[in-house]
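**Q** Structure of the sequence below:
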Amino acid sequence: MKTSATKSVQSFGTALAGRLHLRSDLHIARKIWHMGMGLFLVSVYLLTGMERSTGVVVLGTVLAMDLLMEMVRLRNPSVNEAVVKVMGPFMRSCEVNRLSGVPYYLSAAILSIGIFPQPIAVLSILYLAFGDPIASLFGIMYGDRSIRLASGKSLIGTSAGVMTCMLVTFLYLRSMPISEGHRVFLTLLGGLAGGTAELLPLDVDDNFSIPIVSGFVLWLAFILLGI
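**A** The predicted structure follows:
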């Protein structure tokens, strides 16, 4: 049974939610933030020469701090209001009374860096950073003119995500000493894995499923190709 305090917090959160964007909105600021966050994580990981263990510890610390803030704001209306004032341009209305996408994003990045070799970790994070928002952008803008898939996603949005992930894969793999045949195969596979991971019937946030699913697919491919 919900206590009066819990009901009060939820009621207050509902009022805050009215100020924010819905999932069906273009919400360009959120998409830019989504891309920037992933690009920042990858840049720090690559340019600093950071060890995988160090990356896991650093991101784990950031995740712990973020979860603490999430717990506090979801239990304290005044803190929640302050957070929404600052982060409102990047938040969705549904995130006022529940966890935002940030913990899922950071958790996926931690697992990707901790589990996968560097090239695969980088690609899986970049798929989330660029493939997901581009797919959403095209789905919102042109989804009503497209075929709807069983998951409810639009074919045009999914196709845009696949193409984006393919481009990301192709550009990144150019820096690796692999054969042209392997590069083409991995570009196609990476694009499909990154762009369609969100279609799987998994009861988990897309910010988590996209890097993990695509990362395991690419890892298997790298092993089979002997890379």
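**Q** just the CA coordinates of the strand or helix carrying residue 110, formatted as CSV?
**A** Remark: residue 110 resides in helix 102-115, with elements defined by DSSP states H and E. Taking Å, rounded to 0.1, in the frame of the first residue of the first chain, the C-alpha atoms of helix 102-115 are listed here in CSV:
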residue,chain,number,x,y,z
VAL,A,102,21.4,7.6,-17.6
PRO,A,103,22.0,4.6,-15.2
TYR,A,104,21.2,2.2,-18.0
TYR,A,105,23.5,4.1,-20.4
LEU,A,106,26.3,4.0,-17.9
SER,A,107,25.7,0.4,-16.9
ALA,A,108,25.9,-0.7,-20.5
ALA,A,109,29.1,1.3,-21.0
ILE,A,110,30.7,-0.3,-18.0
LEU,A,111,29.8,-3.8,-19.1
SER,A,112,31.0,-3.1,-22.6
ILE,A,113,34.4,-1.8,-21.5
GLY,A,114,34.7,-4.6,-18.9
ILE,A,115,33.7,-7.5,-21.1
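**Q** Now do the same for residue 4: its pLDDT.
**A** Looking at residue 4, its pLDDT stands at 48.
**Q** Using the three-state scheme, assign residue 202.
**A** Secondary structure state of residue 202, per DSSP: H, G, I helix; E, B strand; the rest coil, is coil.
**Q** check contacts around it.
**A** Listed by CB atoms under 8 Å, 6 or more residues apart in numbering, the contact partners of residue 202 are 209, 213. (C-beta placed from N, C-alpha, C; glycine too.)
**Q** Now do the phi/psi pair for it.
**A** Here is the backbone geometry of residue 202 (degrees, to the nearest 10): phi -110, psi 130.
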